[in-house]
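*Asks:* Build the 3D model from these lines:
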Amino acid sequence: MIINFLQLVAVYFRNPTAPRLIHLPVAAMPLTFSFFMILWNGSVMVHCHGLVCRVLANVAVWGIAAFAGFFLLAFKDYYVGFATAFLAAGLGVG
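*Replies:* Numbering: from 1, shown residues only. Have a look, this model is predicted:
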């Protein structure tokens, strides 16, 4: 998953002027999904319920917000923001 994430980051930065209909399914949504999968697999791998794990989980949740905020502020990429909001809402519900 980490190698896939790094490859998607390379695709994202290699094609900054791609048309919107190509940028969304090729770069923005897979990049966001792989970031979420890294956090999800990390939490499943640790699988503990103590205070330290809860603190790390809260840091990961804020990491999701920082990830979306970075792409929104630095690159004005609303597609990454929308994909992050959609996946975060799914985490909140499910």
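
*Asks:* Skip ahead from the helix with the most length in the chain and say which helix or strand is next.
*Replies:* In the chain, assigned by DSSP state H, the helix with the most residues is helix 51-75. Per DSSP states H and E, the first helix or strand lying C-terminal to helix 51-75 is helix 78-93.

*Asks:* what's the angle from that following helix to helix 51-75?
*Replies:* Inter-element angle recorded for helix 78-93 and helix 51-75: 160 degrees (by axes from the mean of the first three to the mean of the last three CA atoms, to 10 degrees).

*Asks:* can you give me how far helix 78-93 is from the chain middle?
*Replies:* Here helix 78-93 is found 9 Å from its chain centre; the criterion is CA atoms, centre = their mean, to the nearest Å.

*Asks:* before we move on, what about stretch 40-49?
*Replies:* Offset of stretch 40-49 from its chain centre (CA atoms, centre = their mean): 17 Å.

*Asks:* who's in contact with the residue lying closest to Tyr79 once chain neighbours are set aside?
*Replies:* Sequence neighbours aside, Ala28 is the residue nearest to Tyr79 in space, at 3.8 Å (criterion: CB to CB, 6 or more residues apart in numbering). Using the backbone N, CA and C atoms, a C-beta is placed for each residue, glycine as well. Each residue near Ala28 by CB atoms under 8 Å, 6 or more residues apart in numbering is listed here: Tyr12, Asp77, Tyr79, Val80, Ala83.

*Asks:* In terms of pLDDT, where does the closest residue to the last one other than its chain neighbours sit?
*Replies:* With CB to CB, 6+ apart as the measure, Thr32 is the residue that lies nearest to Ala83, at 4.0 Å, once sequence neighbours are left out. pLDDT for Thr32: 94.

*Asks:* gap between Thr32 and Asp77?
*Replies:* Computed as CB to CB, to the nearest Å, the Thr32 to Asp77 distance reads 10 Å.
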